[in-house]
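**Q** just need the structure, nothing else, for what follows:
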Amino acid sequence: MTHAPAPLEISVAEASQWLGATASAPEARPLLIDVREAHELEIARIDSAQHIPLGQLPEQAHTLPRDRPLLLLCHHGGRSRRATEYLRTMGFGQATNIAGGIDAWAQQVDPSLRRY
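**A** The predicted model follows:
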């Protein structure tokens, strides 16, 4: 089964809705990937996110599923945008950046997260 390419970028509200809407079908649920550094995760993190720092993405990409949507997140969206573009060049057509990153997530989705 082939998938149409996912959007290159979505809002945090769209990402939250997408992650929540597929809760009843775990195999269709997007994989949330946080490309920030470890010290940033100590400040704020989304528990369901898999941590792969941007610098380790080239060596870790082979561990990611190609048949599942990938949502990429960083602090404000710049690093995750680069990660999304990189994964797209590697054949991951389901990779999508979350615009605004965890900062926007803290403002619009989960105000309990610490902002930095």
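
**Q** by contact count, what packs against the least confident helix or strand in the chain by mean pLDDT?
**A** Lowest on mean pLDDT, DSSP states H and E among the helices and strands of the chain sits helix 12-21, with a mean of 91. On a contact count with 3 or more C-beta pairs under 8 Å, 6 or more residues apart in numbering; DSSP states H and E, helix 12-21 meets strand 70-73, strand 95-98, helix 101-108. Backbone N, C-alpha and C define where each C-beta goes, glycine included.

**Q** direction included, what does the second one pair up with?
**A** The sheet places strand 95-98 alongside strand 9-10 (parallel), strand 70-73 (parallel), with pairing taken from DSSP bridges.

**Q** what comes up buried for it?
**A** Going by neighbour count (16 or more other C-beta atoms under 10 Å), the buried part of strand 95-98 is 95, 96, 97, 98.

**Q** can you put those in JSON lines and add pLDDT and distance to residue 73?
**A** Formatted as JSON lines, these follow (pLDDT from 0 to 100; distance: C-beta to C-beta, whole Å):
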{"residue": "95", "pLDDT": "96", "distance to residue 73": "12"}
{"residue": "96", "pLDDT": "97", "distance to residue 73": "10"}
{"residue": "97", "pLDDT": "98", "distance to residue 73": "8"}
{"residue": "98", "pLDDT": "98", "distance to residue 73": "5"}
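
**Q** which of those residues sits closest to residue 18?
**A** For these, the minimum distance to residue 18 (C-beta to C-beta) is 8.8 Å, reached by residue 96.

**Q** and the nearest residue to that closest one once chain neighbours are set aside, what pLDDT?
**A** In space, residue 96 comes closest to residue 6 once its chain neighbours are excluded; the distance is 4.6 Å by C-beta to C-beta, 6 or more residues apart in numbering. Per-residue pLDDT puts residue 6 at 83.

**Q** does residue 6 really touch residue 92, like I thought?
**A** No: contact criterion C-beta atoms under 8 Å: residue 6 and residue 92 do not qualify, at 9.3 Å.

**Q** where does the prediction get shaky in this structure?
**A** By pLDDT under 70, the low-scoring segments of the chain are 1-5, 22-27.

**Q** that's all I had, so thanks and see you.
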